[in-house]
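Asker: fold the following, please.
(2 chains)
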Amino acid sequence: KQEVTQIPAALSVPEGENLVLNCSFTDSAIYNLQWFRQDPGKGLTSLLLIQSSQREQTSGRLNASLDKSSGRSTLYIAASQPGDSATYLCAVLSSGYALNFGKGTSLLVTP
Amino acid sequence: GAVVSQHPSRVICKSGTSVKIECRSLDFQATTMFWYRQFPKQSLMLMATSNEGSKATYEQGVEKDKFLINHASLTLSTLTVTSAHPEDSSFYICSAMGGYTFGSGTRLTVV
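Answerer: Residues are numbered from 1 along each chain as shown, chains lettered A, B, ... in the order given. A predicted model of the protein is given here:
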């Protein structure tokens, strides 16, 4: 069974810092990996999707990498802003077409 | 783009009552809908998979008689929490298209 782990569980940084969120998964047979943002009490916002054949995806200040063979992905956030404060979820799509989520990293960016 | 509309966004009900959550695909036909729930500070966990015109598939540990899923049309899937209890209080969210689109979620509080 696919297990997804995110480290750290929580992170607090001052505004302007670059930061890295980590995600690992146990079964490398995935179709894709997604990074989501979840604001308190809200739904999910898809940030980046990396297909299994890709190594990375970029959107604005966000860059996500995927190393399928080692079962790892990182989300890099450049020049963090207070508005980036949220929980970031990593999810992999493998067999069955349902996503397996990590527990998330709770990010707080202080002014 | 593909949009899933989920209602209600928030509901408070008394213990012992039933609550229905609806997910509608607005601009596409959703033959499959995934239902997830998220307890505080936990990850989203798949509860069940509904397929239009057939019985839902429930994950291990999810009571099928308590969480009734109906997927009678290609644009509507419903989750009914029957005889709700405080331990059912959670965030419920639906997903279609293999995780590419999510509803906005329903925060259920049972008092």
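Asker: how about low-confidence regions in chain A?
Answerer: A:96 (pLDDT under 70).
Asker: so which residues on it come close to chain B?
Answerer: Residues of chain A lying near chain B by Cβ under 8 Å from any Cβ of the partner chain: A:4, A:31, A:34, A:41-44, A:46, A:49, A:89, A:91, A:93, A:96-104. Where C-beta positions appear, they are placed from N, C-alpha and C, glycine not excepted.
Asker: can you tell if the helix or strand of chain B with the lowest mean pLDDT touches chain A?
Answerer: Counting by mean pLDDT, DSSP states H and E, the weakest-scoring helix or strand in chain B turns out to be strand B:101-102, with a mean of 87. Yes: contact of strand B:101-102 with chain A (Cβ under 8 Å from any Cβ) involves residue B:102.
Asker: contacts for the helix or strand following that strand, please.
Answerer: Once strand B:101-102 ends, the next helix or strand along the chain (criterion: DSSP states H and E) is strand B:106-110. For strand B:106-110, contacts defined as Cβ atoms under 8 Å, 6 or more residues apart in numbering or on different chains pick out A:41, B:6-15, B:19, B:21, B:81, B:84-93.
Asker: ok, now stretch A:85-92?
Answerer: A:2, A:4, A:6, A:21, A:23, A:25, A:30, A:32-40, A:44, A:47, A:73, A:75, A:99-102, A:104-109, B:43-44, B:99.
Asker: can I get that stretch in CSV, CA atoms only?
Answerer: Taking Å, rounded to 0.1, in the frame of the first residue of the first chain, the C-alpha atoms of stretch A:85-92 are listed here in CSV:
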residue,chain,number,x,y,z
SER,A,85,0.9,30.6,4.9
ALA,A,86,-1.2,27.5,4.5
THR,A,87,-0.9,23.7,4.7
TYR,A,88,0.8,22.1,1.7
LEU,A,89,-0.2,18.6,0.8
CYS,A,90,1.6,16.2,-1.4
ALA,A,91,-0.4,13.5,-3.1
VAL,A,92,0.5,10.6,-5.5
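Asker: and the nearest residue to residue A:94 once chain neighbours are set aside, what is it in contact with?
Answerer: Spatially, and ignoring its direct neighbours in sequence, residue A:94 is nearest to residue A:30 (4.7 Å; Cβ to Cβ, 6 or more residues apart in numbering or on different chains). Neighbour list for residue A:30: A:2, A:52, A:68, A:92-94 [criterion: Cβ under 8 Å, 6+ apart].
Asker: report the buried members of those.
Answerer: A:2, A:68, A:92-94 (16 or more other Cβ atoms under 10 Å in any protein chain shown).
Asker: narrow the contacts of stretch A:85-92 to those in strands?
Answerer: Of these, the ones assigned to strands by DSSP state E are A:4, A:6, A:21, A:23, A:25, A:32-38, A:44, A:47, A:73, A:75, A:99-101, A:105-109, B:44.
Asker: show me which of those are buried.
Answerer: Buried by 16+ other Cβ under 10 Å: A:4, A:6, A:21, A:23, A:25, A:32-38, A:44, A:47, A:73, A:75, A:99-101, A:105-107, A:109, B:44, out of the ones in strands among the contacts of stretch A:85-92.
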